[in-house]
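Asker: Structure, please.
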Amino acid sequence: MTDAVYDDTNIFAKILRGELPCQKVYEDDETMVIMDIMPRADGHCLVLPKKPMRNIFDADDASLAAVSAITAKMARIVKDAFQADGVTIQQFNEPAGGQVVFHLHVHVMPRMNGVALRPHTGDMETPENLSENADKIRAKLNF
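Answerer: Alright, predicted model coming up:
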């Protein structure tokens, strides 16, 4: 457990409550998958647990298992949807570990040989491109 307290005003908490819009590609009782609005690769999506947890340090085993299972499924799906050569999966914990939004989340990014990830500039993707990429993923969902 971390000493830090979960802040329910973080952007992912607001998205999970329906207070902010998102490009949702998948949802079940325990998780939600959304498109990253500042993607480092086409098809970059985020797997979120629905339960409030700051990061891996205060996550319960059942939530981690659910997030892990959906992350693996989404990795296969985005690899297929974007005809990628591989997939990068990232998960950050606390500021020293690179975490910026303090709700546990896992990045799933399709990758092509020889193509670097785009820098994290803070520039948002256009809604049209996010929607198009989300549609590619949704078309491959079969679970």
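
Asker: burial count for the closest residue to Asn93 other than its chain neighbours?
Answerer: Leaving aside its sequence neighbours, Asn93 sits nearest to Asn55 (CB to CB, 6 or more residues apart in numbering; 4.3 Å). Yep, even glycine has a C-beta here, placed from its N, CA and C like the rest. Asn55 has 20 neighbouring residues, counting by other CB atoms under 10 Å.

Asker: got a list of what Asn55 touches?
Answerer: 2, 92-94, 99, 102, 104 (CB atoms under 8 Å, 6 or more residues apart in numbering).

Asker: That one and Gly122: what is the separation?
Answerer: Distance from Asn55 to Gly122, counting by CB to CB, to the nearest Å: 21 Å.

Asker: those strands in this protein, which residues are they?
Answerer: 24-27, 31-35, 45-49, 86-90, 106-111 (DSSP state E).

Asker: Any chance of CSV for those strands, columns mean pLDDT?
Answerer: Below are the strands of the chain laid out as CSV (pLDDT from 0 to 100):
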stretch, mean pLDDT
strand 24-27, 97
strand 31-35, 98
strand 45-49, 98
strand 86-90, 98
strand 106-111, 98
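
Asker: taking these together, which one is wrapped up most tightly?
Answerer: strand 45-49 (a mean of 25; mean count of other CB atoms under 10 Å).

Asker: Just checking: what are the partner strands of it?
Answerer: strand 31-35 (antiparallel), strand 106-111 (antiparallel) (DSSP bridges).

Asker: and the ones you listed as TSV, adding distance to Cys22?
Answerer: Shown next, in TSV, are the strands paired with strand 45-49 (distance: least, CB to CB, whole Å):
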stretch	distance to Cys22
strand 31-35	4
strand 106-111	15
